[in-house]
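# One predicted model, sequence on top.
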Amino acid sequence: MRFSLKYLSLLLLLCAVFMLAPPLTSKAETRQSTAQEPEQYVQTRLLPEYGAIQPGQEIWVGIEQSIYPHWHTYWVNPGDSGSAARINWSLPEGFEISEFYWPAPTKIPYDPLLNYGYEDHVTLLQKLKAPEILPDGPLKFSADFEVLVCKEECIPEFGTYEFTLNGPNAQDENNHDYLLEARASLPIKTDWSVFYGEVDGQLTLDFSQARDLDLTGIDLNTLAFFPLEWGVIDNPQPVQASPDNGALTLSQARGDRALSAVGNIEGVLTFSAPDGKRQAAQFTAKPAATMASALSEPTSKATSGSINNALPKTTFISALIFALLGGIVLNLMPCVFPVLSIKALSLVKIAEKHPEQARMHGLSYTGGVILSFLAIAGALIALKMTGAEIGWGFQLQNPLVVGLLAYLLFIIGLNLSGMFEFGANLTNIGGKLTQKRNDKSHGYSNSFFTGVLATLVATPCTAPFMGVAIGFALLQPAIVSLTIFAALGFGLALPYLLLSVLPSLQHIMPKPGAWMEIFKQLLAFPMYASAAWLVWVLSQQAGSMGTIGALMGMIAIAFGIWLLAHKPKNQNLRIFVIILAAISFLGAVKLLPSGGEQSQTTQQQSVRAFGEVFSNEALESALSTNDPVFVEMTAAWCITCKVNHAAAININSTKALFAEKNVRFLIGDWTNQDPKITQYLDLFGRNGVPLYVYYGAPDANGIRPAPKILPQILTPSMVADTINT
Amino acid sequence: MKKLTQLLGAFMLLIAMPAHAAPVVGETAPDFMTTDIHGNAFKLSDHKGKIVVLEWTNHKCPFVIKHYRSGNMQATQKAAAAIDGVEWISIVSSAPGKQGNVDAKEAQKIVDDQGATITAKILDPSGAIGKLYAAKTTPHMFVIDTQGTLAYAGAIDDKSSPSPKTIKGAKNYVLAALDNLTTGQPVETPQTMPYGCAVKY
């Protein structure tokens, strides 16, 4: 410390002179302990980096606090109580001084509260800049400094401090090295891409895109997070660090301030480096997306805290209604409709003679649908509990499942075309019309399995109302989730169920007759079309080898079915034919690509034709421009997504509008599993595609309006209206 | 069956009361029942139809001193009292042996010395009410509207300095909220960061 003694004593003298009267009197009251208490709990010094300054030069100024043992002062965000230090400068003309640079704080608990601050010793820093034209002679700088110092009780201390630059002893004064040391405790400013969100009442910070963050050898227990913003976390709660393949995610219980009122969250991350030194890095966490204000009620700003406020106001009841409606709409999907219409026609025939059997069929079918939904949902919830980043539609992210579904639709098509009839023990689709029913169960199990089948073929078609309901469902406790999925299944089963119990509805149905055989054959074509589309999905996932495998597999299946339909009378030949058919079926399955191999390149190419490939970096770089940003989340297996894309986005008028308004267009492809996209969907309370998000251009202050979510059924005018307003 | 419903009721209560739930602005303010320093019963939900201001205080905290010695808190109380149907409840959550903990007699003397205009003063040495409201600082202010909804939570004003010099020109959030409520407008600033000494739980 090469600070002149003479100068120091002068400073102390000045401090004493300038101490303000009122706080002195209040201090006398607030101090409860007596005897050895010091005159001041914080000894303050102003330390300019150099004693002399040149025109236009910028130097550091340190505000050094020596704090009485066990007492503390505060960081810029003081935490649950307290107050940050303040300074008010009187500067010679033309000089400018920066805001405080705050060294990384420590956590100071005061049960049940917690503060962020400093103990023992800290040096706040400011940058002082001289004007281009500097007056001659000594320059006097003075500052009113106010600091709150607390142990249990608090004492505000005020003082006015001074220093002189370019004075007679200017060359003797040099605090450069000392301030260098102080500056080492400032957090390093980073340009990390960090995203925050809110999940289950926790603030989560995703550091996966923070490239320079190297956590090798770091004890994660030493990680601490300090937000510069108040109220975003519940300060005394512990922070959880979960490194996942080197990508860090932090989470801590949320504070009582609504995130919608916050914007970006500046924060400091501290940890002990392997050499034991404390490292601190400052970053800006962006809302990977806060909920569109359009979806939340106008009062949402007035409310705070809980996840229900950050997410759209989806209540349990409305989620149930959405699920039910979505289920009903599923009936109209091209892959579901043929199965059901045949089923419905057969039902009418039964109902004519045995209305009570018709009811049983309806109930069996409903049971089959609901149980299948619960099974898929249960698997999804179980997988999510193990930490898998998956969402609704995850079944279709596996090429093997997609291939099997394609086979299934193909087989149903063959059946409808009349190539074969299902045996009594197999899932009975349309065969019931001509089949004699001798078994005592009256084929109820068939109805049950039709329900299972309907659920299976419905999964590729995430119906419009399902996104919100499923997103809500998966954020809830398991029992609530399952209830919502059951409602979805009930919606799917409802039309058939109603038909089975309401004779009046049955009368509306056309009379059965010979035309039904032709109608049945007609319905085979939507099934073939659905199968062809699933093969295309497979080509997105597994490339051309996967496609040819599935096509050859279909031929093998057709061959196997043909073999079985023409079994010879001779016993030995018969066994041979059956074995050959079995080999064909097994071969078909074997020909499908397994879940492991995924073709990233084809997937990327498919979306690059129009728009950019979504990634967190791409989104961030797009958001850092002054252009609006449109994000589309899609998947090859999602029919709604494809229809929307073709009808409302990939059309000339929308393309022209995008070009005119400089809209940055990002497409995320969720055909295969992608945790980044799953997390993005999560931020909007969704768990499936499609998702369309529009970020308007920033206003004059450079602040973007809250992102707007577009409906799951898009029209060109919806896109145009969103962009034009 | 009755047992089952009781059990279910207790379970629902457990769900409804998470450990660290701070009251949410815009939702019903948590109800509490206690007695004031004169032994009069006070139950928040009995005061529906009135606007209730809750003030967490500790007469030895410099921030409380800032607002009382300058006369700012008393002026705020007077302005509130001038509005028909506004009640001002001052609460001390200092634990026994901690700064600001007083008995009823001392509490009344402080009210007299300060010249405070309040409806009731409540001592909460267990900190139960303070924790119910997640009161963090003295002062920490809450305004509850006539429907019993928490309309404002946070600081008394926008100058978090302990210096009394900052009172002049500060925006008084409590008066602003009362003004909004009595003119039937939504509260413009419903939540701010409370500042002051920690509540001495």
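Sure, I can see it. Everything numeric in this text was worked out from a predicted model, so none of it was measured.
# How is chain A partitioned into domains?
A:5-186, A:189-305, A:316-526, A:600-724 (automatic domain parsing).
# For the second one, give the mean pLDDT please.
In this model, domain A:189-305 carries a mean pLDDT of 76.
# just how off-centre is that domain within its chain?
Put simply, domain A:189-305 sits 14 Å off its chain's centre (C-alpha atoms, centre = their mean, to the nearest Å).
# Stretch B:128-145 too?
5 Å.
# want to throw the domains of chain A into JSON lines with mean neighbour count?
All C-beta atoms are positioned from the backbone trio N, CA, C, and that covers glycine. Putting the domains of chain A into JSON lines (neighbours: other C-beta atoms under 10 Å in any protein chain shown) gives the following:
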{"stretch": "domain A:5-186", "mean neighbour count": "17"}
{"stretch": "domain A:189-305", "mean neighbour count": "18"}
{"stretch": "domain A:316-526", "mean neighbour count": "19"}
{"stretch": "domain A:600-724", "mean neighbour count": "18"}
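# Turn these into TSV, columns for distance to chain B.
Below are those laid out as TSV (distance: least, C-beta to the nearest C-beta, whole Å):
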stretch	distance to chain B
domain A:5-186	3
domain A:189-305	4
domain A:316-526	10
domain A:600-724	18
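# Save those as JSON lines, and put in distance to residue A:548 too.
JSON lines is the format used below for the domains of chain A (distance: least, C-beta to C-beta, whole Å):
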{"stretch": "domain A:5-186", "distance to residue A:548": "59"}
{"stretch": "domain A:189-305", "distance to residue A:548": "34"}
{"stretch": "domain A:316-526", "distance to residue A:548": "12"}
{"stretch": "domain A:600-724", "distance to residue A:548": "14"}
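# With respect to residue B:65, which of those lies nearest?
Of all the domains of chain A, it is domain A:5-186 that lies closest to residue B:65, at 5.1 Å by C-beta to C-beta.
# Now do that closest one, average pLDDT.
Taken as a whole, domain A:5-186 carries a mean pLDDT of 83.
# cool, and stretch B:112-120?
Mean predicted confidence for stretch B:112-120 is 94.
# Any residues of chain B in contact with chain A? List them.
B:20, B:22-27, B:60-63, B:65, B:69, B:98-99, B:131, B:134, B:136-137, B:153, B:160-164, B:186-187, B:190-191, B:193-201 (C-beta under 8 Å from any C-beta of the partner chain).
# just to revisit the earlier point, tell me which of the domains of chain A sits nearest to residue B:145.
Closest among the domains of chain A, using C-beta to C-beta: domain A:189-305, at 11.2 Å.
# chain center to stretch B:49-59: distance?
That offset, for stretch B:49-59, works out to 4 Å (C-alpha atoms, centre = their mean).
# send the alpha carbons of it over as PDB?
Extracted in PDB, the C-alpha atoms of stretch B:49-59 (Å, rounded to 0.1, in the frame of the first residue of the first chain):
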ATOM      1  CA  GLY B  49     -65.300  -4.100   3.100                       C
ATOM      2  CA  LYS B  50     -62.400  -2.000   4.500                       C
ATOM      3  CA  ILE B  51     -59.100  -1.400   3.000                       C
ATOM      4  CA  VAL B  52     -56.400  -2.800   5.400                       C
ATOM      5  CA  VAL B  53     -52.800  -1.600   5.400                       C
ATOM      6  CA  LEU B  54     -50.300  -3.900   7.200                       C
ATOM      7  CA  GLU B  55     -47.100  -2.200   8.300                       C
ATOM      8  CA  TRP B  56     -44.200  -4.300   9.600                       C
ATOM      9  CA  THR B  57     -42.300  -2.200  12.100                       C
ATOM     10  CA  ASN B  58     -39.400  -2.300  14.500                       C
ATOM     11  CA  HIS B  59     -38.900   1.000  16.300                       C
END
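# Next, the residue most central in space within chain B: phi, psi?
Geometric centre of chain B, nearest residue: residue B:54, 2.2 Å, by C-alpha atoms, centre = their mean. Backbone torsions of residue B:54, given as degrees, to the nearest 10, read phi -110, psi 130.
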